[in-house]
Structures are given as structure tokens and as C-alpha cells.
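*Asks:* sequence first, predicted model second:
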There are 2 protein chains.
Amino acid sequence: MTFVVVAGTTATARIDGISAAGAAPDLLPHTPGADLDVVIHGEPTLAPVVPVSPTGCPTPAVVTRAARELLGFDLLAVDAGIGGTTGAPTIGVGAEPGQDVREGTAVPDARDTFARAREWGAALPDERLVVGETIPGGTTTALGVLTALGEPPTVSSSLPENPLDTKRRVVAAGLDAAGLAPGDAADDPLRAVEAVGDPVLAAVAGVTVGALDAGTSVTLAGGTQLAAAAALVRHSGVDSPLTLATTSFVAGDDSAGIADLAADLGVDLCVTDPGFDRLDHPATNAYVAGEAKEGVGMGGALRLVEESDATMADLRERVVAVYDRLLADEDAPDADGPPASPAGED
Amino acid sequence: MTFVVVAGTTATARIDGISAAGAAPDLLPHTPGADLDVVIHGEPTLAPVVPVSPTGCPTPAVVTRAARELLGFDLLAVDAGIGGTTGAPTIGVGAEPGQDVREGTAVPDARDTFARAREWGAALPDERLVVGETIPGGTTTALGVLTALGEPPTVSSSLPENPLDTKRRVVAAGLDAAGLAPGDAADDPLRAVEAVGDPVLAAVAGVTVGALDAGTSVTLAGGTQLAAAAALVRHSGVDSPLTLATTSFVAGDDSAGIADLAADLGVDLCVTDPGFDRLDHPATNAYVAGEAKEGVGMGGALRLVEESDATMADLRERVVAVYDRLLADEDAPDADGPPASPAGED
């Protein structure tokens, strides 16, 4: 088993009111690189931010890192338009940062990114891949893709109150600019990504299709963004078994409709509850309050813990340890530390 | 502990008679990428060659991979001018493939590569790094650097008979073209790399200096190429403790003079014998016959096995398993398989 995290950025995240990320737009491009640093190294190295939201919610990369420290699995990072810096080794798929979906040309090189990611996914020798993502603004682009494909147009949010109306207006503007009506891209899924998606969706779909073609089993690790990737896979004509492993926070978000979406796509939904309500700690409280919910493969990481001999209590203990290490430099008397940066299912 | 493999290429490897690599020059640029594939994935993925020499000697990446499967350590790959393709995620340090040392401008961007590698090495949170290399032709560029620094000018070879005279003629031509006499770069070590080194040496020295600056302990994993990197570290004014972990094959090569070189540099030499003479298998026989000797961190990987609870017999068993997997596709009836490629301490 190998864990894959696909990281990228989209200018869509800068749109007012869409994302927790909007509160700190200058730090935004650095979050995916910082997330990769956390899952690979356990803390930011070259990324200039600590991925903790202004309200104190740590990136879900902390949970994936904690699971990795507990279980010891390999993790490979894919650069799908990171933009910022990272100290994590990455595999390139020729992607640039995504553009604002309102312009209707969000990912001009979607087909090339998909093809390169597909080739890489097909070449991996693993029997199983668990694939997650990190891209601020990604639920809006996921909504764009679901809408263009004619799938149920609903997604989750990193905010406690999902700004779904705003996201829908943004997507409608993008489809209009692209000359697409809802469902128009059903037979050409990469057209949906080109117009109103993001480069991470192109790469996740590519890796998944390539891996499934090669007989590798794939667990999509995440919420509605990974469901949108699953929709791209299905609309590419691939009907192999596919699992979507998400958190109880996404499954409990009625606005996200994740169960219906998974059923509609013929994808097995697997929900894991990390039991964060049993703690009272800054590493986990924001999740209990409805922030972040998912991201950086968190649902898949929790699923791997559940499949292992480790307990969720072990995982929670490790989450606290990773969080404390992450924030240790922040508290150092000789440094202000890098600025905080938004995180989660945006 | 994290294992780091720095990979790159140099046009110097194409010079007739220098390297086992010279037997198959078209495949040469693909060897480092294939080596990274092997240590990361266990077999080539996107690299179009299986790194086994025309005489059947498998790349030492097989040994490092075997140790990794046995011990489960993290491995990070650095792209120091790979040139060819690889399916392994890499961290970039801005390096291009190295040029022919005879021209006297082997690595024009050596200072930038060193600086970027140093920044990355300093940022890594690990307590210990083990750093190896893969670059065909690398013993000739190592000889160039040692000569320019005024260190004992002697290196090992991937060939049973070390073509040391040829290497010395090549280095002399390079120094002449650069306007340097032996020892002229003693106070400006990156001048030695610029003139007659390779990009991997710049990156290994940078990672090492950065890590040592940050209080990380560093084991240089390899033979005379890593000794040349140690020389660059010493001539940069860094006198922290440093270990060179190499194989018994390099230590047994009188032409390499590795013990004297290590002593001269104030570096602890640590030699590990994998006991390959206890097997009679194509995975190991060529090493016993004097081929390859070292590379892709092999000496450091063996050292880690020795430090662990695993035995050298466990390692040998795993080496055979990795080799068999590597060659399995070669024997498949439906494919000619990718062409073989040279490997080892070139």
C-alpha cells in the first residue's frame, strides 16, 4: 500500500467568502506545500507557513502524518500546480496552478496533466493506492466539475457554515463563460476540468484511472473533492470497484450529501470517526466544532488505522504529538515563527 | 533517520573507457532515474531501463532497496540533474546535467545548487541523515574535485580494472582548460566543482553542510565519490564529525586508497561486508568478481543493517528477492523488456 497526496493551487480560492482560506489570501499559495512538508517531514521545512487556520484549526495533514507515524506507510507527493515552495520531494505531472473558474478556462492543460498522471499511476507497482488531495478552494472547483458532469451539485466546506450559494454563483459564472450548461461535459469529463475544475482533480483522476487500468485497487481518501474525482473516473468509462474513504465530519455535513453522491457514482463509501470528541485539545477541538472536516487524505488515513492493529486512541495520541511538534517553533521565544495559514476541506 | 539519494548525470560518463557505462552510452542518462525508481518503488516505473549492467551486474540500488524493505526507513530523492525520466518523487535543487570535465566548465551553476541543497539540508528535522549518490561517470569527477582541492588524487571504479590513468588524463585536461593547477581550489571548493566536478557533488556537499550546521548527524554513504563530497565539506571550513560508510568492495580496492583519503579528511571510515561470497547468485556474483562495488548509498544501507536487529543473511535474502522482482519483467514472454543499463561506482 502506498499513500499518494496530490497537491495544487487554484486562483479560485481567492474569491471572497468561498473558503476559510479567504481570511489570509497571501498565505494561501503556501498551504499545499506546507501540507506536503507535514506529511513527509512531520513539520514545515522550506514552506514558509505553519498550516493552522486563523481560528486555530490545524491542517488535516497532521492526522495523515500521525497515521503515517503510527503505521509506517510510504507516502508519495504529486505536484499538481503547487505554486509555493515545499521541502517535500514531488513527482511532476506538468501542471500549473489553476485559474479562477469564473473565467471558464480554469485548467487549460487538464488533458496533459491527466495523461501524465495516468501514465504514472499505471506504472506504480503497488497493489493498493490511497489517494488524497490538498488544494485550497477545491470544493468550489469540485462543485464546478460535478455540475458540468451533470452529477448532484453539492459539496462540503472547511467552514462550519457552507457558503454553497456563493460557490454555486461562482460555478454558474464559470460555466457561462465556458459556454457550458450543467451536464454538457458528461461525455467529455476533462472538458469539465478545463472549464471549471482544478489541476488536482485532473491529476487525481489520472492517477486513479491509470492505477485501476493496471489492476491496482484505489481508495480515494477525502470528501466531496474526491467524489468529484470519482465522477471524472466514472465519466471516463471506468467502472472498476472504487472506495471513497472520508471522515465522519464530512459524512455528518448534510449540505455535502456525500452518501447520495457516492451511491450515484457506484462508489463504496467508508466513513471513519476519529473520536475527536473524546479529547479537549486544540489539535482536535476545531474539527469537533465543524471546521476543516477533511483534507490531505485524512479519511483514508483514518481508514488505514481502522484496518490496522492500532487503535483510534493511539491515533489521537499521535495527532496531539504531531500538533505539539508543529506548534513548538511558534512558541519559541527567539522567533515569531512562520505565519499561520488556512487548512482543510475548502 | 532519513536516507537521502542524490541523483544526476554528467556528460563525462560518455568518455571512452572511463566507466562500465561507456558500453551502452545511449542508456546512460536513464540510469540515475531508474535507480531512484528502484529505491522508491522497488522496480523501474517511468524510467525506461532496468539498471543491470551488460555483464549482468545489478545496480547497487537493489541493495539499498533491500535494506529499506528490511528496515522500513524513509528515503528522499534529490534531482541534481537527472536528465532522464523517473517515477520517483524528487526535490529539485536547480541543477542541470553536468558537462564534460575536459571543457573545464563542468558545473556552471555549482554555487546555486550547493546553496539550495544546503538550505534544504538545514531545514530537515531529522536527527540523522544517510546520504548516497547515483551518477554514472562520478568517480572521474570525484577525482577532478580531489585533485583541484589538493587531496590525494585517487578513486575507485565500477570496473574490475580501474582505468585510473584515463581518468587522470581527463582530469588534467579539465584543469588545464579551467586554468587550474592541482590544489588551486583548496580555498574555494565550489570552484573545483564548477571546473571539473559534477552536480551531484555540489548537492551532496550542500545537503551535508546544511545538515551539519543544523546539528544533524550525517553519514556519507558511498566510496570515493562521497569522500570527494567530504573533501568539499572540509574545504568549506566545516569540521563537525562526519562518517563515511562504504562497502568492503571499495575498501578492498587498493587503487581507491579510501582509508588514507578518509584519514586525510578527518572522516570516520566504516566498512561493511555484505557477505556476498556466501551466495552463488546473479544478484551478487558480479560484486564478488569486483564489479560495481558501491553506489546509491549501498555502504550506508549495509551499515544500517549492521546497526539493526536484522542480520546480513536477512539482507542477502532480500537482495535476491528484489533482484528477482527486477528481472521478472525481463523474462515475461510477452515483452522484450526495457534494455539493460550500466550501474555502480563509475
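*Replies:* Perfect, thanks for sending it. Here the structure is a predicted model, which means the values were calculated and not measured.
*Asks:* helix or strand for the residue most central in space within chain A, which one?
*Replies:* The centre of chain A sits closest to A:E133, judged by C-alpha atoms, centre = their mean, with a distance of 3.0 Å. Remark: A:E133 resides in strand A:128-134, with elements defined by DSSP states H and E.
*Asks:* for A:L302, same thing?
*Replies:* Short version: A:L302 belongs to helix A:298-307, going by DSSP H and E.
*Asks:* what does the helix or strand hosting A:R118 contact?
*Replies:* Taking DSSP H and E as the criterion, A:R118 maps to helix A:110-123. Residues from elsewhere that reach helix A:110-123 (C-beta atoms under 8 Å, 6 or more residues apart in numbering or on different chains): A:6, A:78, A:80, A:91-95, A:107, A:129, A:190, A:193-194, A:197, A:199, A:202-211, A:213-214, A:216, B:45-46, B:87. Glycine gets a C-beta too; all of them are placed from N, C-alpha and C.
*Asks:* whichever of those end up buried, select them in ChimeraX.
*Replies:* The following ChimeraX line selects those of the contacts of helix A:110-123 that are buried, judged by 16 or more other C-beta atoms under 10 Å in any protein chain shown:
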select /A:6,78,80,91,92,93,95,107,129,190,193,194,197,199,202,203,204,205,206,207,208,209,210,211,216 /B:45,46,87
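*Asks:* return the subset of the contacts of helix A:110-123 lying in helices.
*Replies:* Among the contacts of helix A:110-123, DSSP state H puts A:190, A:193-194, A:199, A:202-211, A:213 in helices.
*Asks:* on that earlier part again, please compute how far whatever helix or strand comes next after the helix holding A:L302 lies from its chain's middle.
*Replies:* Using DSSP H and E, the helix or strand that follows helix A:298-307 towards the C-terminus is helix A:312-331. Distance, stretch centre to chain centre, for helix A:312-331: 21 Å (C-alpha atoms, centre = their mean, to the nearest Å).
*Asks:* can you map out the strands along chain A?
*Replies:* Using DSSP state E, the strands assigned to chain A run over residues A:2-7, A:74-79, A:90-92, A:128-134, A:217-221, A:243-247, A:268-272.
*Asks:* any chance of those in a markdown table, plus mean pLDDT and distance to A:T55?
*Replies:* Output for the strands of chain A, formatted as a markdown table (pLDDT from 0 to 100; distance: least, C-beta to C-beta, whole Å):
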| stretch | mean pLDDT | distance to A:T55 |
| --- | --- | --- |
| strand A:2-7 | 98 | 23 |
| strand A:74-79 | 98 | 27 |
| strand A:90-92 | 98 | 29 |
| strand A:128-134 | 98 | 19 |
| strand A:217-221 | 98 | 24 |
| strand A:243-247 | 98 | 18 |
| strand A:268-272 | 98 | 24 |
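*Asks:* could you dump those to TSV with distance to chain B?
*Replies:* Output for the strands of chain A, formatted as TSV (distance: least, C-beta to the nearest C-beta, whole Å):
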stretch	distance to chain B
strand A:2-7	8
strand A:74-79	5
strand A:90-92	4
strand A:128-134	12
strand A:217-221	16
strand A:243-247	22
strand A:268-272	24
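*Asks:* select, out of those strands, the one closest to B:R316.
*Replies:* The closest of the strands of chain A to B:R316 is strand A:74-79. By C-beta to C-beta, the value is 23.4 Å.
*Asks:* helices or strands up against that closest one?
*Replies:* strand A:2-7, helix A:31-41, strand A:90-92 (3 or more C-beta pairs under 8 Å, 6 or more residues apart in numbering or on different chains; DSSP states H and E).
*Asks:* could you dump that strand to CSV, C-alpha only?
*Replies:* Extracted in CSV, the C-alpha atoms of strand A:74-79 (Å, rounded to 0.1, in the frame of the first residue of the first chain):
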residue,chain,number,x,y,z
ASP,A,74,5.1,5.1,2.2
LEU,A,75,3.8,8.4,1.0
LEU,A,76,4.4,9.9,-2.4
ALA,A,77,3.6,13.6,-3.2
VAL,A,78,2.4,14.8,-6.6
ASP,A,79,2.9,18.4,-7.7
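*Asks:* give me the sheet partners of it and which way each runs.
*Replies:* strand A:2-7 (parallel), strand A:90-92 (parallel) (DSSP bridges).
*Asks:* roughly how far is the first one from the heart of the chain?
*Replies:* Strand A:2-7 sits 10 Å away from the centroid of its parent chain (C-alpha atoms, centre = their mean).
*Asks:* other residues contacting that strand?
*Replies:* A:32-33, A:35-36, A:39, A:64, A:68, A:73-80, A:82, A:86, A:90, A:117, A:124, A:126, A:128-135, A:200, A:203-204, A:207, A:221, A:296-297, A:300-301, A:304.
*Asks:* give me the angle between that strand and helix A:199-213.
*Replies:* 150 degrees (axes from the mean of the first three to the mean of the last three C-alpha atoms, to 10 degrees).
*Asks:* state the distance from the residue in the stretch 201-346 of chain A positioned nearest to chain B to A:E69.
*Replies:* Nearest residue of the stretch 201-346 of chain A to chain B: A:R325, at 8.3 Å (C-beta to the nearest C-beta). For A:R325, the distance to A:E69 (C-beta to C-beta, to the nearest Å) stands at 10 Å.
*Asks:* which neighbours do these two have in common?
*Replies:* Between them, A:R325 and A:E69 share the contacting residues A:G42, judged by C-beta under 8 Å, 6+ apart.
*Asks:* buried ones from the contacts of strand A:2-7, can you make that a PyMOL selection?
*Replies:* Entered in PyMOL, the line below selects the buried ones among the contacts of strand A:2-7, by 16+ other C-beta under 10 Å:
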select buried, chain A and resi 32+33+35+36+39+64+68+73+74+75+76+77+78+79+80+82+86+90+117+124+126+129+130+131+132+133+134+135+200+203+204+207+221+296+297+300+301+304
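*Asks:* which single residue in the stretch 101-250 of chain A comes nearest to chain B?
*Replies:* Counting by C-beta to the nearest C-beta, the stretch 101-250 of chain A gets nearest chain B through A:A123, at 3.8 Å.
*Asks:* per-residue pLDDT, that residue?
*Replies:* A:A123 carries a pLDDT value of 98.
*Asks:* ok, it to B:L175 distance?
*Replies:* Distance from A:A123 to B:L175, by C-beta to C-beta: 42 Å.
*Asks:* which stretches of chain A have low pLDDT?
*Replies:* A:20-25, A:329-346 (pLDDT under 70).
*Asks:* would you mind listing what in it touches chain B?
*Replies:* A:40-43, A:45-46, A:72, A:76-78, A:87-91, A:119-120, A:123-126 (C-beta under 8 Å from any C-beta of the partner chain).
*Asks:* same thing but 7 Å
*Replies:* Contacts of chain A with chain B, taken as C-beta under 7 Å from any C-beta of the partner chain, map to A:41-43, A:45-46, A:72, A:76-77, A:87, A:89-91, A:120, A:123-125.
*Asks:* and A:V38, how far is that from B:E119?
*Replies:* 19 Å.
*Asks:* between the two, which one's more packed in?
*Replies:* A:V38 (31 against 17; other C-beta atoms under 10 Å in any protein chain shown).
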